[in-house]
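S.K.: Return atomic coordinates for the entry below.
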Amino acid sequence: MRNLHAWTHRTEEGEKREVRAVKNQGRWKLQSKLKHEEDWTYHEKPERSDLAELRDILWRKYQRRRASHEDVLLADKMLAESAPAE
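M.R.: Below you'll find the predicted structure:
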């Protein structure tokens, strides 16, 4: 079974955007598309806001025993790596 998590939100322009995260080879891979687009956009470096949302979703699922703690820690690590360098 694939480790897949998906969510939707509205952009600043009011467009509906769907985001999917799939765990593959020990790394979260994110893809997104706007409602009117047919093809998915695969993100080499996901947006920090998408990683934060993924982490939040995983944490809530972890509390309900629907996700592993390892998944949450991996999302934390990716979120820390995406922080701007000072």
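S.K.: so where does the residue most central in space within the chain fall, helix or strand?
M.R.: Central residue of the chain (CA atoms, centre = their mean): L54, 3.9 Å from the mean position. In the assignment (DSSP states H and E), L54 maps to helix 48-63.
S.K.: What ranges in this protein fall below the confidence cut-off?
M.R.: The model of the chain has pLDDT under 70 over residues 1-2, 85-86.
S.K.: repeat that for 80
M.R.: Across the chain, the ranges flagged by pLDDT under 80 are 1-2, 84-86.
S.K.: All the helices of it, in order from the start?
M.R.: Along the chain, counting by DSSP state H, helices occupy 48-63, 69-81.
S.K.: Point out the most buried one among those helices.
M.R.: helix 48-63 (a mean of 17; mean count of other CB atoms under 10 Å). In this view, the C-beta of every residue, glycine as well, is placed from N, C-alpha and C.
S.K.: That one: how far from the chain's middle?
M.R.: 7 Å (CA atoms, centre = their mean, to the nearest Å).
S.K.: sorry, back to before: can you verify my assumption that the residue nearest to the centre of the chain contacts H5?
M.R.: Yes. Using CB atoms under 8 Å, L54 is in contact with H5, at 6.5 Å.
S.K.: Show me the common contact partners of these two, please.
M.R.: Common neighbours of L54 and H5, using CB atoms under 8 Å, 6 or more residues apart in numbering, are A21.
S.K.: Okay, K33 and E81: tell me how far apart.
M.R.: Distance of K33 to E81, computed by CB to CB, to the nearest Å: 24 Å.
S.K.: Please apply the same query to K61.
M.R.: Computed as CB to CB, the K61 to E81 distance reads 22 Å.
S.K.: do the same with G26
M.R.: Distance, G26 to E81, by CB to CB: 14 Å.
S.K.: For V19, which non-adjacent residue is closest in space?
M.R.: S32 (4.5 Å; CB to CB, 6 or more residues apart in numbering).
S.K.: looking at the sheet around that neighbour, what are its partners?
M.R.: Beta-bridge pairing of S32 under DSSP bridges involves V19, T41.
S.K.: Many thanks, we can stop here.
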